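Student: Give me a model of this one.
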Amino acid sequence: MSETSGKQQNTAAFYGQAVASFAVAMAATAIGIFKLNADAWVRAFLGIAVLYLVTSAFTLAKVIRDRQEAVERSYHPFEKL
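Tutor: Predicted coordinates for the structure are as follows:
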């Protein structure tokens, strides 16, 4: 029986695609808000709302990752018996 390593690495292409997708989404949203036919305070509110949503998404992803890693690292002294 072979054991696999606990950590799975993403490829450089997957990482690049994720970064590019994030950059395109943020740029498209920023351009859309900038070109919006509304008062400056409305555009500013939407910009801050988007930034808040992005930071909340990053925080949620980190919390989920940390929780999954904690479950994987849990110590079971008799599991190999």
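Student: Show the pLDDT at the spatially most central residue of the chain.
Tutor: Closest to where the C-alpha atoms of the chain average out (Cα atoms, centre = their mean) is Phe58, at 4.4 Å. At Phe58, the predicted lDDT confidence score is 94.
Student: and Gly47, how many residues sit next to it?
Tutor: With neighbours defined by other Cβ atoms under 10 Å, the count for Gly47 comes to 14. From N, CA and C alone the C-beta is placed, and that goes for glycine too.
Student: can you check Ala23 too?
Tutor: Other residues near Ala23 number 10, with proximity taken as other Cβ under 10 Å.
Student: now Phe34
Tutor: As a burial measure, Phe34 scores 10 neighbours (other Cβ under 10 Å).
Student: Now it. Nearest residue, chain neighbours left out?
Tutor: Nearest residue to Phe34 in three dimensions, chain neighbours excluded: Arg43, at 6.8 Å (Cβ to Cβ, 6 or more residues apart in numbering).
Student: can I assume that neighbour is in contact with Lys35?
Tutor: No: using Cβ atoms under 8 Å, Arg43 is not in contact with Lys35; the gap is 9.2 Å.
Student: more crowded one of those two?
Tutor: Just comparing Arg43 and Lys35: by other Cβ under 10 Å the higher neighbour count belongs to Arg43, 16 against 9.
Student: before we move on, back to that, secondary structure element for the residue nearest to the centre of the chain?
Tutor: In this structure, Phe58 is located in helix 40-72 according to DSSP states H and E.
Student: Which strands or helices does that helix pack on?
Tutor: Using 3 or more Cβ pairs under 8 Å, 6 or more residues apart in numbering; DSSP states H and E as the contact test, the elements touching helix 40-72 are helix 12-35.
Student: Could you check the helix it packs on and say which residues are buried?
Tutor: Along helix 12-35, these residues count as buried under the neighbour rule (16 or more other Cβ atoms under 10 Å): 29, 33.
Student: Tell me the gap between that helix and the middle of its chain.
Tutor: Put simply, helix 12-35 sits 13 Å off its chain's centre (Cα atoms, centre = their mean, to the nearest Å).
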